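**Q** structure here, sequence nowhere to be found:
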């Protein structure tokens, strides 16, 4: 039996480039907001995840939490004593893997009795 998963346009597109986090319009690709992360170097490698109404960014040994609506930094943790390496960030509800997100959506539909 083949499961059908409806893919839809994301509500938000978040990107990290050169010490900055960008929110992009999913239909046009235009920048909605841009936030420079303090102490993040232009050459830093970073990653972002979306969880609810926040964006979490890990870069240069630090973790930042941004408001998804305007990019305002809500908090930051410099991870004292851990150095300036690449940071991996995870939460129970967020993923950066499209396949996992689609599978989670299908599982939720099946659990609620919806069709797949």
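**A** Arrived safely, thanks for sending. Being a predicted model, the structure only gives us computed values, none of them experimental.
**Q** where in the protein is pLDDT low?
**A** By pLDDT under 70, the weakly predicted segments of the chain are 1-9, 83, 90, 94-116.
**Q** in terms of helices and strands, where is the spatially most central residue of it?
**A** Note on the chain: the residue nearest the mean C-alpha position is residue 49, at 1.9 Å, using CA atoms, centre = their mean. Using DSSP states H and E, residue 49 sits within strand 46-51.
**Q** that strand pairs with which strands, and in what direction?
**A** strand 54-59 (antiparallel) (DSSP bridges).
**Q** next, the angle strand 54-59 makes with the helix or strand following the strand it pairs with.
**A** Using DSSP H and E, the helix or strand that follows strand 54-59 in sequence is strand 62-67. The directions of strand 62-67 and strand 54-59 differ by 160 degrees, with axes from the mean of the first three to the mean of the last three CA atoms, to 10 degrees as the criterion.
**Q** which helices and strands sit right next to strand 62-67?
**A** When contacts are defined as 3 or more CB pairs under 8 Å, 6 or more residues apart in numbering; DSSP states H and E, strand 62-67 sits against strand 54-59, strand 73-77. C-beta coordinates here come from the backbone N, C-alpha and C atoms, glycine included.
**Q** redo those as TSV? Include distance to residue 91 and mean neighbour count.
**A** Shown next, in TSV, are these (distance: least, CB to CB, whole Å; neighbours: other CB atoms under 10 Å):
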stretch	distance to residue 91	mean neighbour count
strand 54-59	7	22
strand 73-77	14	13
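**Q** as a markdown table, those with distance to residue 37 would be great.
**A** Shown next, in a markdown table, are these (distance: least, CB to CB, whole Å):
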| stretch | distance to residue 37 |
| --- | --- |
| strand 54-59 | 6 |
| strand 73-77 | 8 |
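**Q** nearest to residue 93, of those?
**A** strand 54-59 (10.7 Å; CB to CB).
**Q** can you list the residues that contact the closest one?
**A** Strand 54-59 has contacts (CB atoms under 8 Å, 6 or more residues apart in numbering) with 14, 16, 19, 21, 23, 37, 40, 44-50, 63-68, 71, 74, 86-89, 91, 94.
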